[in-house]
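Q: sequence and predicted model, in that order:
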Amino acid sequence: MTLTALPSDQSDRLTDLLEQTSPEARRARVDATTWPALDALAPLLPDGRLPRGCAVEVIGDRYLLGALAAGAAQRSDVFVAAVGIADLGLAAMHALGISYARLAVADDPGPHWAEVTAALAREGAFGVILLEPTTPVQPRDRQRLAARLRESGTTLLVTTPWPGAALTLTSDEQRFAGLGDGWGQITSRTVTVYSTGRGRAGVRTRSRTLLLPGPDGTAQPLTPTAEQDVPVLDAATA
């Protein structure tokens, strides 16, 4: 059998194609379009990372909201903003890994929450924005913010239902550790987190049981040892 060499232009195109589809090239594309995640949350996210340039619903769990932002804030160039969240626990956010120096808070934007959020996302000034709309969300607000997020690469973590969100994360089955019969204080919380993706993120639902927060205030995977260390109290009876 005689082997025929490819013309140089076809050989160059083949080389380019192989480079573009290599594991290294794919990793570079993923890194450019996502933020890092805390190890405990990575199994819940596509490619183990938080998608950029889109909205992510985080319903009913302030600690989960902060832990997702803390993952992105592992990068020294990422700043985090919170809009409309009057009861945000700054000490809890710091314990999760968000530096006070890189956290901005607009806790009472009134009816101008959409304008404030869009301004914070301009040119990617803030890599992650935590948002709790303070007035009903209008379609035009979502559309304007979606365009700004795509343009800047900012990720919006929103605490209310948000049509078009790339991911939805919720939690339930929470239990608190450290409480006895009329004594003690809460030292950690065990919670099951669910993540459902749409579009490029896929359609599967992932789940993981975590300590969120763990005894040191961070997010940790649940281990049998951790589960047996301290007494627990169901949220329903707390």
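A: Received the coordinates, thanks.

Q: my read: residue 207 touches residue 173, true?
A: No. Using Cβ atoms under 8 Å, residue 207 is not in contact with residue 173; the gap is 10.0 Å. Glycine gets a C-beta too; all of them are placed from N, C-alpha and C.

Q: so those two - more neighbours on which side?
A: The neighbour count for residue 207 versus residue 173, taken as other Cβ atoms under 10 Å, is higher for residue 207 (15 against 12).

Q: quick check: bridge partners of the more buried one?
A: For residue 207, the beta-bridge assignment (DSSP bridges) gives partners residue 194.

Q: for it, give me its contacts.
A: Counting by Cβ atoms under 8 Å, 6 or more residues apart in numbering, residue 207 makes contact with 44, 192-195.

Q: repeat the analysis, applying 7 Å as the threshold.
A: Residue 207 is in contact with 192-194, counting by Cβ atoms under 7 Å, 6 or more residues apart in numbering.

Q: could you say which helix or strand holds the residue most central in space within the chain?
A: Nearest to the geometric centre of the chain sits residue 68, at 3.3 Å (Cα atoms, centre = their mean). Using DSSP states H and E, residue 68 maps to helix 62-72.

Q: follow-up on the earlier one: of the contacts of residue 207, just say which sits nearest to residue 37.
A: residue 193 (12.1 Å; Cβ to Cβ).

Q: which one is the closest one nearest to, not counting chain neighbours?
A: Using Cβ to Cβ, 6 or more residues apart in numbering and skipping the chain neighbours, the partner closest in space to residue 193 is residue 171 (4.8 Å).

Q: likewise residue 160?
A: The nearest residue in space to residue 160 (Cβ to Cβ, 6+ apart) is residue 133, at 6.0 Å.

Q: residues touching the one you found, list them.
A: Residue 133 neighbours (Cβ under 7 Å, 6+ apart): 84, 113, 160.

Q: if we can go back for a sec, need the residues touching each of residue 207 and residue 173.
A: The contact lists of residue 207 and residue 173 share residue 192, where a contact means Cβ under 7 Å, 6+ apart.

Q: tell me where the chain has strands.
A: All strands of the chain, identified by DSSP state E, fall at 34-35, 50-51, 55-58, 80-83, 103-106, 128-131, 155-158, 167-179, 184-197, 205-211, 220-221, 232-234.

Q: make a markdown table out of these and add distance to residue 144 and mean pLDDT.
A: Listed next are the strands of the chain as a markdown table, based on distance: least, Cβ to Cβ, whole Å; pLDDT from 0 to 100:
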| stretch | distance to residue 144 | mean pLDDT |
| --- | --- | --- |
| strand 34-35 | 22 | 96 |
| strand 50-51 | 19 | 96 |
| strand 55-58 | 12 | 98 |
| strand 80-83 | 14 | 98 |
| strand 103-106 | 17 | 97 |
| strand 128-131 | 13 | 98 |
| strand 155-158 | 12 | 98 |
| strand 167-179 | 21 | 88 |
| strand 184-197 | 24 | 89 |
| strand 205-211 | 30 | 94 |
| strand 220-221 | 38 | 93 |
| strand 232-234 | 43 | 46 |
